[in-house]
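>>> For reference, the sequence and a predicted model appear below.
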Amino acid sequence: MFHPKLIELEITADCNAQCPSCARTKRGMKLTGNNSLTLKDIQYMFQYTPWLKGKNISLCGTLGDPIVNPECLDICEWLGKQGARVGVSTNAGYNSAEWWSKLAVLDNVYVSFAVDGFRETNHIYRVNTKFNIIERNMTAYANAGGRGVWTYVLFDHNKHEVESALEFATNLGLEFNVRGGGRNATAKQHTPRKGAEVELVTAFNTDLVQEHVASQNSPEQIQSLLPTISCRHLNQSYLFVGSDMRLYPCCHLYAYTTAGGTEYIRDLPEDWNCLRTHTLFDIIKHDSFTQIKAMWSPYHKRYVPRCFQDCGNKGVYQDFNKPITDKAQIKSLLDE
C-alpha cells in the first residue's frame, strides 16, 4: 500500500509575477482569475486522511504563488493544527507586512523565499515583483519569529549580489542557499517580457543537462536508459495536488497534462483523479499510479515521455536544482 510522505499542494494558479521560464507565463495565463482552492476544499480532500500529523505538506508554485490565494493563511493554520509540517514556496512580493507577521506565528510553518537577486536584479527574472515590498515582507516575517530559507537561483547577472543577499538573510536569521533552477537548465538565454535589457544566462555548468537532452534521440536509446529514471513519486512517496483539485503522481505530470499532453490521461474518465468525487486513497489505487513505471517505456500504449525528459539519467534536472548551502561552495561559484 502506497503511503505518501510528501504532498505538494498548488492552492492557486494565480500569481503576482511573470517569470519568463514559468509555464503559466509561456501559456499566457492571466495573473488572476485562474483556479484556486478554498479551505473547505482542503478540509474535504483530507477528511479521510488522519495521517496528516507529521507529514510534509508543501504549498508550491508550479503555476501560481500560494500567498496570492486569499485563504492561504487559513489553509496554513488548519494544516498546522492537524500536525502537518507546512512549507510555503513564494516570491514574497505580495500581501501586507501585517499578513506576513501573522504567517510567522502559525504552528509548523516554514517559508522558502524564491527571490533571485537583491535590490538591483531580482526584478529581472521575477518580473512584476518589487524588491522594496519583498524586503519589507521578509523582514516582517523574520522579526515576528518566522522560520525560513532564501533560495537564490543563480544567473550571471545576479552573481554580484549574492554576498549582499547572504548578509541580509543572515541578519534576519534566515537560512540561505543558491541553486541552478531546473526551468533554466536547458535554455542558455532568456529574455524577460519586460525589462529586456538583460539576457538571462544560468551561472551553472549545464553539460550534463545537454547530454541528457541528447540522449532522447530514439525510442531504443530511451528504453535502454529507463533504469536511470529517478522518480520522486516512487522513491520519495510523493504526490501532487493541482489547483484543479486533481491528484497526480508528481508536479511534472500535472504541468504536462494541463498543458495539453494527453498520453497520461488517454481514454480515462474525466473525473478519474478528481478529489471532489474520489478519495485520495481510491485514486492512488488506479492503474495510472500503480503502473506508472510501465508507462516510462516508449513502447507502452500510454507512454508518458515527460517521465524520462524530467527525471531520466538519475534525475539530472533534480541534481541541477539541488540547493548549495556551503559558503565555500557558493564562493567558488561566484569566482568562476
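Good, I have the coordinates. Given the structure is predicted, the values throughout are model-derived calculations rather than measurements. Numbering: from 1, shown residues only.
>>> which helices and strands sit right next to the helix or strand encompassing W100?
W100 belongs to helix 97-104 when assigned by DSSP states H and E. The contact analysis (3 or more Cβ pairs under 8 Å, 6 or more residues apart in numbering; DSSP states H and E) places helix 97-104 against helix 72-81, helix 131-143. Any C-beta I mention is one placed from the backbone N, CA and C, and that applies to glycine too.
>>> so can I have a markdown table of these showing distance to D282?
Formatted as a markdown table, the helices and strands packed on helix 97-104 follow (distance: least, Cβ to Cβ, whole Å):
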| stretch | distance to D282 |
| --- | --- |
| helix 72-81 | 22 |
| helix 131-143 | 38 |
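>>> Tell me which of those lies nearest to W296.
Closest to W296 of these, according to Cβ to Cβ: helix 72-81, at 32.3 Å.
>>> and the residue of the chain most remote from its centre, how far is that from Q236?
Each residue of the chain has a distance to the centre, and by Cα atoms, centre = their mean the biggest one is for E220: 31.2 Å. Computed as Cβ to Cβ, to the nearest Å, the E220 to Q236 distance reads 29 Å.
>>> With adjacent residues omitted, what lies nearest to G61?
Counting by Cβ to Cβ, 6 or more residues apart in numbering, G61 lies nearest to S89, which is 5.2 Å off, once chain neighbours are set aside.
>>> what pairs with that neighbour across the strands?
Counting by DSSP bridges, S89 forms beta bridges with S112.
>>> that older thread, how about the residue farthest from the centre of the chain, secondary structure?
When classified by DSSP: H, G, I helix; E, B strand; the rest coil, E220 comes out as helix.
>>> which residues of the stretch 201-336 of the chain fall in helices?
Assigned by DSSP state H, counting those that start in this stretch, the helices in the stretch 201-336 of the chain fall at 207-214, 219-224, 232-236, 251-258, 280-283, 287-290, 306-320, 327-335.
>>> which helices and strands does the first one pack with?
Applying 3+ Cβ pairs under 8 Å, 6+ apart, we find helix 207-214 packed against helix 306-320.
>>> and if you look at the fourth one?
In this structure, helix 251-258 makes packing contacts with strand 238-241, helix 306-320, judged by 3+ Cβ pairs under 8 Å, 6+ apart.
>>> Could I get the buried residue list for the shortest one?
Okay, so that is strand 238-241. Of the residues in strand 238-241, those with enough neighbours to count as buried (16 or more other Cβ atoms under 10 Å) are 238-241.
>>> now swap in the last one and tell me
When burial is assessed from 16+ other Cβ under 10 Å, helix 306-320 yields the following buried residues: 306-313, 315-317, 320.
>>> Columns distance to C274 and pLDDT on top of the residues you listed, output as JSON lines?
Below are the buried residues of helix 306-320 laid out as JSON lines (distance: Cβ to Cβ, whole Å; pLDDT from 0 to 100):
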{"residue": "R306", "distance to C274": "21", "pLDDT": "87"}
{"residue": "C307", "distance to C274": "22", "pLDDT": "91"}
{"residue": "F308", "distance to C274": "27", "pLDDT": "90"}
{"residue": "Q309", "distance to C274": "26", "pLDDT": "87"}
{"residue": "D310", "distance to C274": "24", "pLDDT": "86"}
{"residue": "C311", "distance to C274": "25", "pLDDT": "89"}
{"residue": "G312", "distance to C274": "29", "pLDDT": "87"}
{"residue": "N313", "distance to C274": "33", "pLDDT": "83"}
{"residue": "G315", "distance to C274": "29", "pLDDT": "73"}
{"residue": "V316", "distance to C274": "33", "pLDDT": "72"}
{"residue": "Y317", "distance to C274": "28", "pLDDT": "70"}
{"residue": "F320", "distance to C274": "33", "pLDDT": "67"}
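>>> Go through those and name the one nearest Y152.
Y152 has its nearest neighbour among the buried residues of helix 306-320 in F320, at 14.7 Å by Cβ to Cβ.
>>> V178: which of the helices and strands packed on helix 251-258 is closest?
helix 306-320 (12.1 Å).
>>> Specify the angle between that closest one and helix 251-258 in degrees.
Helix 306-320 runs at 140 degrees relative to helix 251-258, counting by axes from the mean of the first three to the mean of the last three Cα atoms, to 10 degrees.
>>> Could you give the separation of helix 306-320 from the chain centroid?
Computed by Cα atoms, centre = their mean, to the nearest Å, the chain-centroid distance of helix 306-320 equals 15 Å.
>>> Stretch 278-292 too?
In terms of Cα atoms, centre = their mean, the centre of stretch 278-292 is found 22 Å from the chain centre.
>>> Straight-line length of that stretch, end to end?
19 Å (Cα to Cα, to the nearest Å).
>>> Report the buried residues of it.
Neighbour counts over stretch 278-292 (16+ other Cβ under 10 Å) mark 278, 280, 283-284, 288-289, 292 as buried.
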